[in-house]
Structure formats: structure tokens, C-alpha cells
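1. quick one, fold the following:
(chains A, B and C)
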Amino acid sequence: MSEKVLMKGNEALAEAAIMAGCHHYFGYPITPQTEVAAYMAKRMPKIDGGVFLQAESEIAAINMVIGVAATGKRVMTSSSSPGISLKSEGLSYLAGCDLPALVVNVQRGGPGLGGIQPSQSDYFQATRGAGHGDFHTLVLAPNSVQEMVDMVFKGFDLAEKYRIPAMILSDGTMGQMMEPVSLDMGEIKEYDKSWALTGTKGERKPNIVNSLFLEASELEKFNFERFERYKQIEENEAMYEEYRMEDAEICVVAFGVASRVSQNAIDEARKQGIKVGMIRPITLWPFPKKVLNAAADKVKAFISVELSMGQMIEDIELAIRCKKPVELCNRVGGMIPSTAEVLEKIKEVNGGVK
Amino acid sequence: MVVFEKPKALTDAPLHYCPGCTHGIIHRLVAEAIDELGIQGKTIGVASVGCSVFTYNYFNCDMVQAAHGRAPAVATGVKRSDKNNIVFTYQGDGDLAAIGTAETVHSAARGENITVIFVNNAIYGMTGGQMAPTTLPGQVTQTSPYGRDTEAVGFPVKVCEMLSKVDGATYLERVAVNNVANVKKAKKAIKKAFQNQIEGKGFSLVEVLSTCPTNWGMAPDKSLKWLEENMIPYYPLGVYKDKFAKEEE
Amino acid sequence: MTTQILIAGFGGQGILFSGKFLAYEGLIEDKNVSWLPSYGPEMRGGTASCSVILSNEKIGSPIIDKPDVLVAMNLPSLDKYEDSTIENGHIFVDSSLISREVKRTDVNVHYIPATKMASDEGLTGLANMILVGYIIKKTGVISIENLEAGLKKVVSARKQDLFDLNKKAIELGYNYEK
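-> Below is the predicted model:
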């Protein structure tokens, strides 16, 4: 299926999940991600063994996900910000049980009930492990409908490879927009699933999926082991894209819709002779620290463009060891910085670093 | 000659339960049902939070440990992953009737084809004896030190009665394990709850009235008596719903 | 070459549909395209808008701050977006629904009584596509040649009658002379 079709981000994501072998979906309605559930409701019954279930709550939905994940099958749930808060309990259990699963957050403005317009203010929640305990969720941030598709595929693959929950951190814009997309995703890799609950069939010892260890030293051992895997992920799986960075003196850092706006502003600034480029994190955890730290030796300043009060900016500062100033350019509450606003910030920073 | 044997569906792990606690009996009844139905190899159990949190060490089948109250949701996922799996949850009263009420009611409403073993001992045991949703009026616990005051904290939740009004539920029975006759009835009910699932009949829940000598502050024999004199009158034993009863007659 | 088209009006006027048609036409012509609706409660009866970008280059923001082409299908939309339209851009006005004239003098203004034409020609509800035809004629942003191919993408093959009506509406707009 290499012919490109126009699809809404949310629907492309849902179709991609099905094509990636995810035949179980559990969800709960919340704007602006409801299309994912609606799409699954339509498609799943037409697939052999396909299950769509609207759960009684976000909490129940993520626990149903845990149930399927424990049997070793690909499974997904999606929600928007307030719903992800409710799911954070389940995310902690997924991590504690070392279960792969894909959770999608089509972010909206917060805190509280917030609004329904696009936001990136769940950055901390997503990248710090949404839930109690020491853990991480692999966080992927698509910035196009095509990437919504690609990240679903990638998310399932990495989740199974490292046995961790993966999250797609999207926003209302990515979910609602249509762009041409190819659903050609290549082969699905198979990973060892001898841990899965499939019934012993009288042929093996029981498998136990569990996160409880009352013996402190044992729990510590499991945490250490998990963080060894996290280290490998940080080493091998950080993804990013560079845009016009060859001779850049200012580096914009932005993901998702903010990176799309920033691209326009950078093109405009270049026309005006300002040497500016962008590093766009595609994975937010692992955060592409190395490339940013290397850039810090070349550029004079960074600008973090975010739809939050400044969350990713902390990761940038950490990544570059505060070697260079990092300025914030942001709008919140469902507002998106305009090209002109980002351009203005670039000019301001350019004036300051001369 | 009958030689005493441990059911195959139980592991060799020594139970951690307090002396006189009836969890052990209920574990055995569940394991016997699994053995007799020959389903050990395709049974997947869901452990809950509370005293029964370690059931994954005791049942000799695949097990997943669920968050507090979420066992029926996890069981829904396991069952829907492969309908050939025989899926049961083993939950206490705090887990099933307080923090997990929504999951309980809605898995019943959906008619999820699972088996729920609900152990009601009218107290939170694992955390040291606090008031449960099923603590009786006037009953003293750590968090109702002057006795459960229904004016202030309301009344106990009668799970079987409540679920009997849920159309999706198939089979609901309340039993007790305070004497031999009742244990036999409990065994029959538990086996039926699994049999229903094998036959694809839907949501079955067996509520087992159980004791907690430690947190009730009584000797085991006194506990059994207290159960009989206090719990059974408030939580009458019997079948609360059996959708397929007529068919079988 | 990048063209940013903002179509705005009431919910129910087929704003999103006409945008989708334009996006598909762009795709057929091997352009990069993006389509972004306004979403939320305003979809139900309030103002609705749709941003369509057609470009030979990789598209940056799907959000249109300064449209090259503004299509106003009600007065609030003209009031809201007139000032942001780019200099020398195009403003299309459904003159059967908007009584005032465009104040800007540095843009190309095109009036067409699309809603009236639609009801006169038995094309009720297709004022949006009449406007699309007129846009094609006046801006050349896409070619009229691929009309049928594009329509096939947005109208189900089983609904031949709808296909014909949409085609008729686009052609009506395309051939409109004052």
C-alpha cells in the first residue's frame, strides 16, 4: 500500500496500529482524541480476533491494556491529557511488570480540565514516567501525519524490544490535520515472548507477571536491571532531525506542531540573513542529549519553542550543561506560537548574541 | 482408601496467611475446582491487592498481579486476548467493593466471561485491620475505633444483592467457609462459577464469607462463630442470580 | 511556490469538504499538502474554518497566519480574517451571504453569489464547491483538468448522483462571469 492517501492524524495512527499487528484497543472518549476510538470501533470488528472495547473509565482501559499485554499481544489505548493522568497508575504497573504497550496522548491544554486546543504541557508527565516509582516510558513525538504512522510502528517495536511501555505524545493539531501518508511500514520484527501468559498447557512452569517485591534487595535488583535497559535505550534509540544547522549560530529546539511553526520562522529568518537552524527531538525520552551538547559548542544560543510554560527547556539546559543561554518562546492554554512570534524571538536572540 | 493430596493447581509454596485465616480453605477450593475441571493448563489468574496479593505464588498456573481494584479490568484484557483462556480473579472486599467497585460493576454489566472469587471478611487485613466497605454496623476496626457509625460513614455494601440487579451478570452466589457443610456448598459454587465460564455463560461471582482472626482480635474458633452469628444474618447465604437455572432443571 | 488557502464560514456549509477536495487536487498534482480544520464545539453551528496548504516545498506549519487565498462564506469570517490576508492575495466572498464589501484595496477581491446560484440551480448545500470552481478559475492554484480525479477521492463511488452534482457546482463556479 505505497500509494499516498490523505488521512487525519488520529485515523492514520489508528490504522497504522492495526497494520502493526495491534488487534486490541481499549479506550474512553475524550476530545481531541476520540477519532482514534471511533476509528477502532469501526475497524476492529472487521478484523479476525479484533477487539475494540469502550471501557468504563480511563483506569479500566489501561488495566485492560495490561491484561492483553500480559498475554504478549500488541495492544493500545489512547487518550488526552486529563485521561492520561488517570492512566498513570497503569503506566507505572506496565513499567513495573516490564510489559510492552502503546499509549497515545493527544495533548490538550491544562491543568485540570483545561481546554481542548493543542498543548505540549504534558511533557514532564510523559518524559519523567507518568506514575509512581522509578521508571521511564519511551516517548515519541511525531510532527506530521506520516510520522504518526511511523511512530506507531516504531513505538510497538521498541516497546517489545525493551519490554517497556511506549507513548506517542501528539497534540490536537497532529491529530486533526490531514496530510498525504503512506502506510507501507515494512516487516514486523518478532521478539522473545516466553514470559507471556498463554496458559502453561501443562508444558512449562507458570509465568508470573508481577511488580510486587517485598524483599527490598530484590526490588532494588529489578530496578537496577530495568535501568540497565534504559541506559541502552538512551545510548541507541534517541531520534532527532536537524534542519538548516550547517552554519547555524542559533539553534531552535522544538517538537511536534511547534517544530512545524519553527520551520517557517527559520526560513523567514534565513531570508533576512540570520543563521538559525533547528534540532527537532523525535524521541523526548530518550532525549537527544548528545547532538544538542555537540551543537552547544558551535551555536551562540538556543531557543526552546514550546506549547507549555517551559518544560523541555530544562532538558535542553541539562543536555548542554548550561554552556549556552537557552531562551523560551512559548504560548499555552491551547494557543500556538505564530511564525511571526517565533521569528521575533529569533531576531531578539540574534540581536543579543552579536 | 483415600489419601490426602494437595491439589495440582496449588504450588508447594507455604501460605503466608495468619493461623486460623480461611483464605487457605478458599485457595484449596479454587484449586480443586481447577483440577476437577482439568483446566489448569489454560487457566490464567489475576491476583489483587490485599491479603490475597501473593496468590500468584500459590496457584500453579499463569498469574498476573493487578493494581488495587483493577483485577476485573485486567481479567477482561486477558480474556479478550484469547477467549480460550480460563480467567479468574481472586479479590478481597476492599479491593472489589471499594476501590474497584466500578471495575466490578462494569465487568458484570458487560457480562465478561470470567470467574470472580470475592473473599469478604469485613475488614482490610493486609494493612492491619481498617474499616472495609463490608464492615458491619457497629463493628470495631482500626479506622472505626468506636464501631462503624452508619450515620457518619454509611452502610456496608452488599455485593451479591447489588449485582443481582445488573442484567449482564450470570451467576451470583454467597457462601461461607465457617463449617464443613458450608465449605462443601462453597466448593460447589466455585466449581460452578468456573464451569459457567467454560460453557461461555458469562460473568460469575462467588462471594465467600471469610474470617480474619488477627484483625478481628479473636481466636480462630471464636471467629468462625462470630462469622455465623454476625456476618451471615447481615449477608444471607444463597444464590442471588442464576441466569441459566431453569435451563438446567 | 506555496499557496495557503483559508476557507471559513458556518459549520454545515461544507467548509472542511471543499478543503479536502482542494488538498486531494494538490496531491494529484504531486504537491505537498496539509489540511487542518478548526475543531471543538464551534464545529456545531458556530464558525468553522479549514486551512489548506499546497506547496512544491516541504510544508512547515499547517496553521495559516496570513492566507494567500481567503474564502469567506459568512460575515464573521470576513471580519476575522480580512486584515490578515496577504498583500496581493485573493479574497473570495459569497456575496449572497455577505452584504458588505471588502475594505482592503491591496488584495484581489472576487464576489460571487454562490449560495444563491446553488439554490437557483438545484445545488443546495454546494455553494462551497461553486466557490471552489471560481477559485480554480481566478487563481489557477490547481488545474481544472483533474477535477474528476479529485472528486473521486472525496465522493464515494457509490454516490454517482453526488459526484455529478459536485462536478456541476465546480463547473458552474469555474464558468461564472459577472
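2. going by C-alpha atoms from here, please, whenever you check contacts or count neighbours.
-> OK.
3. need the per-residue pLDDT for the most far-flung residue of chain C relative to its centre.
-> Relative to the centre of chain C, the most outlying C-alpha is that of residue C:158, 24.5 Å out, by C-alpha atoms, centre = their mean. We have a pLDDT of 85 for residue C:158.
4. helix/strand/coil for it?
-> coil (DSSP: H, G, I helix; E, B strand; the rest coil).
5. for residue C:5, same thing?
-> strand.
6. residues contacting it?
-> If a contact means C-alpha atoms under 8 Å, 6 or more residues apart in numbering or on different chains, then residue C:5 has C:51-53, C:64, C:67-71 as its contacts.
7. mind listing the residues bridging to it?
-> Counting by DSSP bridges, residue C:5 is bridged to residue C:52, residue C:69.
8. so residue A:187 belongs to a helix, correct?
-> No: Residue A:187 is assigned coil when assessed by three-state DSSP, not a helix.
9. what is the burial count for it?
-> By other C-alpha atoms under 10 Å in any protein chain shown, 8 other residues sit near residue A:187.
10. got the residue ranges for the helices in chain C?
-> C:15-28, C:75-81, C:114-120, C:127-139, C:147-154, C:160-174 (DSSP state H).
11. chain A: which of those is closest?
-> Nearest to chain A among the helices of chain C is helix C:15-28 (7.2 Å), distances taken as C-alpha to the nearest C-alpha.
12. TSV please, covering the helices of chain C and showing mean neighbour count.
-> Formatted as TSV, the helices of chain C follow (neighbours: other C-alpha atoms under 10 Å in any protein chain shown):
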stretch	mean neighbour count
helix C:15-28	24
helix C:75-81	17
helix C:114-120	19
helix C:127-139	24
helix C:147-154	17
helix C:160-174	19
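13. helix, strand, or coil at the residue nearest the centre of chain B?
-> Computing the C-alpha centroid of chain B and ranking residues by C-alpha atoms, centre = their mean puts residue B:118 first, at 1.8 Å. Residue B:118 carries the three-state label strand when classified by three-state DSSP.
14. identify the bridge partners of it.
-> Residue B:118 has these beta-bridge partners by DSSP bridges: residue B:91, residue B:207.
15. and the pLDDT at it?
-> 98.
16. show me the contacts for the residue nearest to residue A:240 when sequence neighbours are not counted.
-> Closest residue to residue A:240 apart from its sequence neighbours, by C-alpha to C-alpha, 6 or more residues apart in numbering or on different chains: residue A:281 at 4.3 Å. Residue A:281 sits next to A:141, A:239-241, A:253-255, A:287-288 when contact means C-alpha under 8 Å, 6+ apart.
17. same question for residue B:173.
-> Residue B:173 makes contact with B:160, B:189, B:205-207, B:237-241 under the criterion C-alpha under 8 Å, 6+ apart.
18. mind doing that once more with 10 Å?
-> B:160-161, B:164, B:186, B:189-190, B:193, B:204-208, B:237-242 (C-alpha atoms under 10 Å, 6 or more residues apart in numbering or on different chains).
19. ok, so what distance separates residue A:7 from residue C:49?
-> Separation of residue A:7 from residue C:49 (C-alpha to C-alpha, to the nearest Å): 18 Å.
20. an error on my part: the question was meant for residue C:22.
-> According to C-alpha to C-alpha, residue C:22 stands 14 Å off from residue C:49.
21. quickly find the element holding residue A:53.
-> strand A:51-54 (DSSP states H and E).
22. name the next helix or strand downstream of that strand, please.
-> Scanning onward from strand A:51-54 (DSSP H and E), the first element met is helix A:58-70.
23. averaged pLDDT, that following helix. What do you get?
-> 98.
24. what helices or strands is the longest helix belonging to chain B leaning on?
-> For chain B, the longest helix by residue count, based on DSSP H, is helix B:180-198. With contacts taken as 3 or more C-alpha pairs under 10 Å, 6 or more residues apart in numbering or on different chains; DSSP states H and E, helix B:180-198 sits against helix B:23-37, strand B:86-92, strand B:115-120, strand B:169-176, strand B:203-209, strand B:238-242.
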